[in-house]
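Colleague: sequence first, predicted coordinates after that:
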Amino acid sequence: HSVGVIGAPFSKGQPRRGVEEGPKYLREAGLIEKLREFGNDVRDCGDLDFPDVPNDTPFNNVKNPRTVGKATEILANAVTAVKKADKTCQSIGGDHSLAVGTIAGHAAVHPNLCVVWVDAHADINTPSTSPCGNLHGQPLSFLMKELKAKMPAVPGFEWVKPCLRSKDIVYIGLRDVDPGEHYILKTLGIKYLSMIEVDYLKDDKVMEETLEYLVGKHKRPIHLSFDIDGLDPSIAPATGTPCPGGRTYREGRILHEQLHKTGLLSGVDTIWMESTSRGETKRDVEVTVKTALDMTLSCFGKAREG
Ligand SMILES: N[C@](CCCC[B-](O)(O)O)(CCN1CCC(O)CC1)C(=O)O
Ligand SMILES: [Mn+2]
Ligand SMILES: [Mn+2]
């Protein structure tokens, strides 16, 4: 299985510092070597360079619009190039505003892709519904065709073409959804397995139900956007937006091993925010890196049965 790895050291979708360290931490933890151990032919595309955009004034309450728009455009082009080489594209973040780039770039090559979004949050605020203007809480609103009419022309995002329909995405792990987002989820009829549904279902049934919904009738490329805060803070403490009551390590492993088994995994975002801004200890960071590494490797053949 061939994999193109792109480092996206980007954090301007949210206010905390230290998030751009993601690619460095996962590389230092041996991500590339371990991916090869599981038989993957890995091409490390290195870390992208994201330019600072001068006087990037807020657009209404949206912060760093041109910087985030430019970074996601650069990332989209990089993802498209990897997908043309017909590799699974593994992007390492960085905050979740990056998903505008990874999904748009992936859809440019595979317009029929579907998305599995593992996250405590829905990340589907529009610039108008966002409670704080941080773009890491808004990526999906730029990508949903059904929201196009609701979207203002945010400077920097002129390049984005909405590429997803509400039936093309399933959320797993939601447990902190803003009112504006809940309204959008209900209105668009987007399928989600929040922690309520997850509690009723047996572990392996969560991904089974997700896959039946997305690829049961006909197979198509899967894009996994995995936010480490979808897991419980006990195993991923170093993140900017922790939310209690998340998925356990075992549940996380099952999800990713089942996705790997489909053979349809075509794009993976590993999104996490090593933030030392909440007084995380070195130990917290180590635990979070190890979890992010294990979950990512599980997408590419790391399995507990060996
Ligand atoms: N929905 C939030 C969080 C986004 C998290 C982005 B991530 O990539 O980590 O999934 C706001 C959440 N909430 C708003 C009300 C406050 O009291 C608590 C935070 C937002 O800022 O839009
Ligand atoms: Mn997220
Ligand atoms: Mn989140």
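Modeller: Looks like it arrived, so ask away. Ligands and ions are numbered 1, 2, ... in the order given.

Colleague: could you look up the SS state of the closest residue to Asp284 other than its chain neighbours?
Modeller: Distance criterion CB to CB, 6 or more residues apart in numbering; nearest residue to Asp284, sequence neighbours excluded, is Pro237 at 4.1 Å. C-beta here means a position set from N, CA and C on the backbone, and glycine is covered the same way. Put simply, Pro237 is coil when judged by DSSP: H, G, I helix; E, B strand; the rest coil.

Colleague: can you pull the contacts of Pro237?
Modeller: 280, 284, 287-288 (CB atoms under 8 Å, 6 or more residues apart in numbering).

Colleague: what about 10 Å?
Modeller: 228, 278, 280-281, 283-288, 291 (CB atoms under 10 Å, 6 or more residues apart in numbering).

Colleague: before we move on, what about Ala236?
Modeller: Ala236 neighbours (CB under 10 Å, 6+ apart): 227-230, 242, 246-247, 249, 252, 272-273, 284, 287-292, 295.

Colleague: which residues are in contact with the helix or strand where Glu197 lies?
Modeller: Glu197 belongs to helix 195-200 when assigned by DSSP states H and E. Residues external to helix 195-200 that are found in contact with it (CB under 10 Å, 6+ apart): 120, 171-176, 191, 193, 205-206, 209, 230, 232, 243-247, 251.

Colleague: could you point out the helix or strand that follows it?
Modeller: Taking DSSP H and E, what comes next after helix 195-200 is helix 203-215.

Colleague: thinking again about what came up before, closest to Gly216 among the contacts of Pro237?
Modeller: Nearest to Gly216 out of the contacts of Pro237 is Ile228 (CB to CB; 27.8 Å).

Colleague: what's near enough to touch the closest one?
Modeller: For Ile228, the contacting residues are 22, 93, 118-120, 235-239, 241-242, 246, 252, 270-274, 288-289, 291-292, 295-296, by CB under 10 Å, 6+ apart.

Colleague: skipping adjacent residues, who's closest to it in space?
Modeller: Nearest non-adjacent residue to Ile228 (CB to CB, 6+ apart): Trp272, at 3.6 Å.

Colleague: and for Ala108?
Modeller: Nearest non-adjacent residue to Ala108, counting by CB to CB, 6+ apart: Thr80, 4.8 Å away.

Colleague: so which helix or strand takes in the one you found?
Modeller: Counting by DSSP H and E, Thr80 is part of helix 65-84.

Colleague: if I look at the residue nearest to Lys290 when sequence neighbours are not counted, how far off is ligand 3?
Modeller: Nearest non-adjacent residue to Lys290, counting by CB to CB, 6+ apart: Ala29, 7.1 Å away. Applying CB to the ion, to the nearest Å, the value for Ala29 to ligand 3 is 21 Å.
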